[in-house]
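Student: Quick check, what structure comes out for this input:
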Amino acid sequence: MDDQTFHDAIEGYCAQQSYRAGETVRVHVSTHAPTFDVRVERWGAEREEVWSTSAVEGVFHPPPVDADSDGCGWPAAVELVVDPAWRSGFHLVTLTAHGVPDDRSVAHACFVVRGPELVEDRRSILYVLPTNTWNAYNTWGGRSLYTGGSKVSFARPFGRGMLSRPEVERDDRKARPVRFRETPDVDGEIFQRYRTEHHYPSAIGSTGWFTHGRRFVEWAEGAGHAFDYAVTSDLDTDPGALDGYGLVLLVGHDEYWSAPARSALERHVTAGGNLASFSGNTMFWQVRLEDGERGPSMVCHKYRAHLDDPVMGTDDERAMSGMWADPVVARPEWMLLGGGSAFGLYHRFGNATARGVGGFVVYRGDHWLLAGTDLRYGDVLGRDDGVVGYETLGCPVAFD
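Tutor: Just a heads-up that it's a prediction; the model follows:
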């Protein structure tokens, strides 16, 4: 059920995760349909169409057996140039096939339009989408990092429902928000029923644009907040990705970070920049990004890193793709964030705090972080709105 490869009659992905103005977006498509349409929308407070084309010739390209780890390698079916007039933001690519059953005719890809290249033209806030984590959970083509894989490719479609879904429900999240006197879905039965009925992989409850980023952006831009966008790997490939930004935002589920990306974020903070992490289970696993013949991929051996990662026993052991808190790596996430998932991870899910309070309890109402909020000792932050996801973070606390 988790592998939805070609459940739909059309699939596609973009050659890169992010683009600057003037660069060419290449969309790689495989379909059984004779023709298909393409629509590109910037998804902010609302969805705004910025480009479209119709009746593109469809060609079916089978996925390689190692598509999950090394990518699809399909030829580009559609190309478009990022108009300098387009605003920085998340852009959804909707592919609609003709001559196939309606319930199998639509697929989605995506790309981010980055902020201006010139530092002086940038906004003061940068929102970094957690695309490494999206990739880690993606089962398209076979395996994810949760179903037996240790290497996952960016050059493949996302699992269905990860980017867009017609249904907007509480039931699409693990540890969904609960209403007054409602029993939490601690065993995930409601969530599993929802995603099974709609043929979605389990990843939709953990990650993806639609689950976290969309909800945040629709609220933030709708409230008048403006910011530039980037993706996690931009911090790897662009040394100046954070230059000029006063605040970096992390939102949703941001679990997988490479050493270069984390170092860039630490340099930003050390230089006086701000970081706001509205993200659970943040920076838990160290990954390595690699280039391949069919596109970039991400390596993480996780719990088997001591045994399987080839960097073990070399001078580069600290690059081990395991926990940041592992003594071999010795860069626990709480050195930057002040808290970590090793101190408290699952919330209202499974056997850990299954009947938890449902939010963050305020103990120090005079803390600078709460200034101007009118929050006081004993208040519970996020109880009724699902602010605390099924994976969160904590820190050691001594009660007196």
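Student: Using CSV, write out every CA atom in stretch 137-148.
Tutor: Taking C-alpha atoms only, stretch 137-148 is exported to CSV below (Å, rounded to 0.1, in the frame of the first residue of the first chain):
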residue,chain,number,x,y,z
TYR,A,137,9.6,9.4,3.3
ASN,A,138,8.9,9.1,-0.4
THR,A,139,8.2,5.5,-1.4
TRP,A,140,7.7,6.1,-5.1
GLY,A,141,9.6,3.5,-7.1
GLY,A,142,10.0,1.1,-4.3
ARG,A,143,11.6,2.0,-1.0
SER,A,144,12.0,5.0,1.3
LEU,A,145,14.4,5.4,4.2
TYR,A,146,11.6,3.8,6.3
THR,A,147,11.0,0.7,4.2
GLY,A,148,14.4,-0.7,3.7
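Student: Let me know the next secondary structure element after the one helix or strand Met298 maps to.
Tutor: Met298 belongs to strand 297-299 when assigned by DSSP states H and E. Next along the chain after strand 297-299, taking DSSP H and E as the criterion, comes helix 305-308.
Student: In that following helix, which residues are buried?
Tutor: For helix 305-308, the neighbour count (16 or more other Cβ atoms under 10 Å) marks Ala305 as buried. For the C-beta atoms, the positions are set from N, CA and C on the backbone; glycine is no exception.
Student: Ramachandran angles for Ser341?
Tutor: Dihedral pair for Ser341: phi -70, psi -20, per degrees, to the nearest 10.
Student: Direction included, what does the strand holding Met298 pair against?
Tutor: Using DSSP bridges, the strands paired with strand 297-299 in its sheet are strand 151-153 (antiparallel), strand 285-290 (antiparallel).
Student: in the last one, what's buried?
Tutor: Pointing back at strand 285-290 there. In strand 285-290, counting by 16+ other Cβ under 10 Å, buried: Trp285, Gln286, Val287, Arg288, Leu289.
Student: What's the mean pLDDT across it?
Tutor: For strand 285-290, mean pLDDT is 98.
Student: If you count contacts, what does the top helix by length along the chain end up packed against?
Tutor: In the chain, ranked by residue count with DSSP state H as the criterion, the top helix is helix 259-270. Applying 3 or more Cβ pairs under 8 Å, 6 or more residues apart in numbering; DSSP states H and E, one finds that helix 259-270 contacts helix 234-237, strand 274-280, strand 285-290, helix 334-337.
Student: contact partners of the strand holding Met298?
Tutor: Contacts to strand 297-299, defined as Cβ atoms under 8 Å, 6 or more residues apart in numbering, come from residues 69-71, 132, 135-136, 150-155, 256, 287-290, 321.
Student: ok, Val56 to Val65 distance?
Tutor: From Val56 across to Val65, the span is 27 Å (Cβ to Cβ, to the nearest Å).
Student: Neighbour count: these two, which is higher?
Tutor: Val56 (19 against 10; other Cβ atoms under 10 Å).
Student: how about that one, secondary structure?
Tutor: Put simply, Val56 is strand when judged by DSSP: H, G, I helix; E, B strand; the rest coil.
Student: Show me what it is bridged to.
Tutor: So, taking DSSP bridges as the rule, Val56 has Phe36 as bridge partners.
Student: who's in contact with it?
Tutor: Residues in contact with Val56 (Cβ under 8 Å, 6+ apart) are Val29, Thr35, Phe36, Asp37, Val38, Ala77, Val78.
Student: Distance of the first one relative to Asp3?
Tutor: In this case it means Val29. From Val29 to Asp3 the distance is 20 Å (Cβ to Cβ).
Student: who has more neighbours, these two?
Tutor: Neighbour count, other Cβ under 10 Å: between Val29 and Asp3, Val29 has more, with 28 against 16.
Student: Please name the nearest non-neighbouring residue to Gln17.
Tutor: Counting by Cβ to Cβ, 6 or more residues apart in numbering, the nearest residue to Gln17 once its immediate chain neighbours are dropped is Val231, at 4.6 Å.
Student: ok, Arg170 touching Gly386?
Tutor: Yes: in terms of Cβ atoms under 8 Å, Arg170 counts as a neighbour of Gly386; the distance is 7.5 Å.
Student: what sits in contact with each of those two?
Tutor: Common neighbours of Arg170 and Gly386, counting by Cβ under 8 Å, 6+ apart, are Arg176, Pro177.
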